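> Sequence and predicted structure, then a few things I'm wondering about:
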Amino acid sequence: MGLFTRSDSIFAERGTFYASETIFSYLKNAGSRNLNVDGSVAVKDFDYVVSAGKSAWLERLNLTVLNDGMAPSNFYGVPSLANGMLAQVVDSDGVTVLKDFTEGSGLVCMMCWSALAGADAGGAIQTVGVGDDGSNVRWTMAKCGEPIFLRAGQIFRLKVRDNLSSMTRFLAMVQGILVDEV
């Protein structure tokens, strides 16, 4: 059995397609993958776009955050956000395909991720070095039934609507598989 093969996989049960490649992709805005931006005046979208001729099964979103002064009640060292970050799936025209995962309220504090990621929301804060703390979030989308399915041109998006520019580092990576469209 290979690294990405599971006999109990929903993909194996369907028997209708095979993975053509794996996805390990940072969400990006104009080529930048660091979400520590000011989205308070102009909203910043960080996207993973499915390639032409492909479909994607997104299994997981991983966040890696470094910043000073993290606490569960703030947003990774930034005071609780006024607007909150949105997690969405949209088509190439920006129209919401799947209901916004936060029902429009946004993720305003570190522990808000627990609604999506459960116990993997990174409640534990690790001291990384002088002045910085670290935290990780692992949102396994497949745990709510199945991975999130996207067709060519559709986008998984994190929408930054507040000022996160004081953060040291904030990265988001999607993981899953790409399949040839049928």
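That came in fine, so what should we check first?

> out of everything not next to it in sequence, what's closest to the spatially most central residue of the chain?
Residue closest to the mean C-alpha point of the chain, counted by Cα atoms, centre = their mean, is Leu61 at 4.1 Å. Leaving out its chain neighbours, the residue that sits closest to Leu61 by Cβ to Cβ, 6 or more residues apart in numbering is Trp139, at 4.4 Å. (Glycine included, C-beta is placed from N, CA and C.)

> before we move on, what about Tyr76?
Counting by Cβ to Cβ, 6+ apart, the residue nearest Tyr76 is Val65, at 4.6 Å.

> Equivalent analysis for Asp132, please.
Nearest non-adjacent residue to Asp132 (Cβ to Cβ, 6+ apart): Leu66, at 4.9 Å.

> Val174 too?
Tyr48 (4.8 Å).

> For the chain, which segments count as strands?
Using DSSP state E, the strands of the chain run over 19-26, 44-49, 54-67, 86-90, 96-98, 126-129, 132-140, 148-151, 155-160, 169-180.

> Turn these into JSON lines, including mean pLDDT and distance to Cys112.
Shown next, in JSON lines, are the strands of the chain (pLDDT from 0 to 100; distance: least, Cβ to Cβ, whole Å):
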{"stretch": "strand 19-26", "mean pLDDT": "85", "distance to Cys112": "21"}
{"stretch": "strand 44-49", "mean pLDDT": "97", "distance to Cys112": "17"}
{"stretch": "strand 54-67", "mean pLDDT": "92", "distance to Cys112": "12"}
{"stretch": "strand 86-90", "mean pLDDT": "92", "distance to Cys112": "10"}
{"stretch": "strand 96-98", "mean pLDDT": "83", "distance to Cys112": "19"}
{"stretch": "strand 126-129", "mean pLDDT": "69", "distance to Cys112": "20"}
{"stretch": "strand 132-140", "mean pLDDT": "85", "distance to Cys112": "10"}
{"stretch": "strand 148-151", "mean pLDDT": "92", "distance to Cys112": "19"}
{"stretch": "strand 155-160", "mean pLDDT": "95", "distance to Cys112": "13"}
{"stretch": "strand 169-180", "mean pLDDT": "93", "distance to Cys112": "15"}
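
> No more questions from me, cheers.
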